[in-house]
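# Following is a predicted model, sequence given first.
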Amino acid sequence: MNETNRQKATRITIIFLSIMLVGIGFFLQQKETENTEYEMKAVVIHRSEKLEDSPIVAVYRRLNGKHLLILYEIDRMDKNRFKAIKEVEIDNEPIRLLADRNKIGVWTLVQKKWTFYNAKLIKEKRDTFYRDDHSNKTLPYRLESDGKVKFQLKNETFQFKIADYENITGIYSLSDGNLLFVLLKNDIKVLVLK
């Protein structure tokens, strides 16, 4: 059966469009992968001492190809809602984030160099003596086979269930006892102990 010019043009157009759609799909998948290659990092830079006092967390995340350092306030009076209060673009992914011993601010270790960002995320000269080297220590936790996560706080054992528990990278205290945050590879959850 002979093909007319019109049928041939239609066939070539369909093949060309199919190839373009596959190419676009690969491009979008690569972009998505690029943003998830970097794990989030976080550190509590201000712990809540009472209900009206909101804890502050410094978070590193890569978003749309940018390395971002973001300060979040957890509003305890509004159902522990996360509110971004400041963000700044940094040059590269930090190896570590640490709190400061005396000030609200965050220390970042990028390419073997420590930099201090104050509460407004402005770089500030500061002696590295003020780094709190224990501020990014996670509470000890254990992943159970039934999808539960068990951890200890003040000699008491607690447990909770979370859908993507295998992606947990740390559990940190936000207050003097009942408010925690769970750091996942690409997300943060607030946990209220009862």
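In hand now; what should we look at? Given the structure is predicted, the values throughout are model-derived calculations rather than measurements.

# quick one: L174 and S48 touch, right?
Yes. Counting by CB atoms under 8 Å, a contact exists between L174 and S48, whose distance comes to 5.9 Å. Heads up, the C-betas are built off the backbone N, CA and C, glycines and all.

# the more surrounded of these two?
A direct count of neighbours by other CB atoms under 10 Å for L174 and S48 places L174 higher, at 23 against 20.

# The residue lying closest to that one once chain neighbours are set aside: what's it in contact with?
Excluding its sequence neighbours, the residue lying closest to L174 (CB to CB, 6 or more residues apart in numbering) is P55, at 4.0 Å. For P55, the set of contacting residues under the criterion of CB atoms under 8 Å, 6 or more residues apart in numbering consists of 44, 46-48, 73-74, 76, 174-175, 179.

# how far away is E39 from K79?
Using CB to CB, to the nearest Å, we find E39 at a distance of 27 Å from K79.

# Could you tell me the phi and psi values at the spatially most central residue of the chain?
When CA atoms, centre = their mean is applied to the chain, the residue found nearest the centroid is M40 (3.3 Å). In terms of degrees, to the nearest 10, the main-chain angles of M40 are phi -70, psi 150.

# right, and it touches Y60 too?
Yes. In this structure, M40 is within contact of Y60 by CB under 8 Å, at 6.4 Å.

# isn't I45 right up against L69?
No. In this structure, I45 sits apart from L69 without contact. The criterion is CB under 8 Å, and the distance is 11.1 Å.

# where do the contact lists of these two overlap?
When contacts are counted by CB under 8 Å, 6+ apart, I45 and L69 have 58, 106 as shared neighbours.

# Ramachandran coordinates for the closest residue to R81 other than its chain neighbours?
Counting by CB to CB, 6+ apart, the nearest residue to R81 once its immediate chain neighbours are dropped is D75, at 4.8 Å. Main-chain torsions, D75, degrees, to the nearest 10: phi -80, psi 100.
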